[in-house]
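1. Here is my input, please return the structure:
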Amino acid sequence: MPLWFQISERLRTAIAEGEFASGDTLPPESALMRRFGVSRTTARAALNRLTSDGLVKRKAGRGTTVLPPKVDQPLNLLASFAEDMKARGLAPSYRTLDVAVVRLPGEAASALGVNRGTRAVSVDRLLLADDLPIASSQSWLEPGVVAPRARPDERTLDETSLYRWIEDTTGVRIARGEEYIEAGVAGTAIAERLEVTPDSPVLIARRLSRAVDSRPVEYVVLHYRADRYRFRVELARP
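-> Okay, the predicted model is just below:
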């Protein structure tokens, strides 16, 4: 195997085994050159491989920093963000940016099965895992389930899952949904929220959540940091 690949695999193993923790700085190119007796091009290729795999972040003047491990989300499981993070041993938290009554845009209205311009509750939140931003969430709630006059306050949603609040307040339990995922880049506003540079890669998920009786409850657009989140699909051969 090429030397750069062997070096990157040794560094990958060191990260996996805890020799380098999240936030630690890996040895610079010059140190790798001396340690392994390779050229700067080879050392750089090894670090670039780890960067492209989302394990580290390289920045001029600051070296190569180990990133937090990515969170895996099974695509066949519908769970609230809090349930998802707790199942992975991470502490979920929320920063509610806005709860408002708005006129539904076309995309959300169509998904929820109501007329465009219908007044509904909109919830804008930042989702964090171990106090680090992982996703930006914009939700619209079906007005027949959550009436505009009964919208939650921001402090309440800072302390609990939106799914939990809906169930406790309305008695409606979200049981299933459909989700579409695509790649994208972070605009200025999303980049600022997620603490990444503009045009950084993000995963964009559009999800329609339904109650037990199949009626729409929530339509949400999520922007995930691609360096901290990935989706997992379990496949079976027929």
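
2. Which strand residues bridge Leu128?
-> Ser93, Pro133 (DSSP bridges).

3. Tell me, how many residues neighbour it?
-> By the other Cβ atoms under 10 Å criterion, the neighbourhood of Leu128 contains 18 residues. (Glycine included, C-beta is placed from N, CA and C.)

4. Could I get the contacting residues of it?
-> With contacts defined as Cβ atoms under 8 Å, 6 or more residues apart in numbering, the neighbours of Leu128 are Pro92, Ser93, Tyr94, Arg95, Ile134.

5. So in the protein, where's the weakest helix or strand by average pLDDT?
-> Within the chain, no helix or strand scores below strand 71-74, which has a mean of 55 by mean pLDDT, DSSP states H and E.

6. now Ala189: how far from Val202?
-> 12 Å (Cβ to Cβ, to the nearest Å).

7. The two: which has the busier surroundings?
-> Looking at Ala189 and Val202 with other Cβ under 10 Å, you find the greater number of neighbours at Val202, namely 25 against 11.

8. beta partners for the more buried one?
-> When bridges are taken as DSSP bridges, the partners of Val202 come out as Gly184, Arg225.

9. check contacts around it.
-> By Cβ under 8 Å, 6+ apart, the contact list for Val202 reads Ala183, Gly184, Val185, Ala186, Ile190, Leu194, Val196, His223, Tyr224, Arg225, Ala226.

10. Please enumerate the helices of the protein.
-> 3-16, 29-36, 40-52, 81-87, 106-112, 154-159, 162-170, 188-194 (DSSP state H).

11. any chance of those helices in JSON lines, with distance to Gly63 and mean pLDDT too?
-> Compiled in JSON lines, these are given as follows (distance: least, Cβ to Cβ, whole Å; pLDDT from 0 to 100):
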{"stretch": "helix 3-16", "distance to Gly63": "13", "mean pLDDT": "88"}
{"stretch": "helix 29-36", "distance to Gly63": "10", "mean pLDDT": "92"}
{"stretch": "helix 40-52", "distance to Gly63": "10", "mean pLDDT": "89"}
{"stretch": "helix 81-87", "distance to Gly63": "29", "mean pLDDT": "69"}
{"stretch": "helix 106-112", "distance to Gly63": "42", "mean pLDDT": "94"}
{"stretch": "helix 154-159", "distance to Gly63": "35", "mean pLDDT": "89"}
{"stretch": "helix 162-170", "distance to Gly63": "39", "mean pLDDT": "91"}
{"stretch": "helix 188-194", "distance to Gly63": "22", "mean pLDDT": "93"}
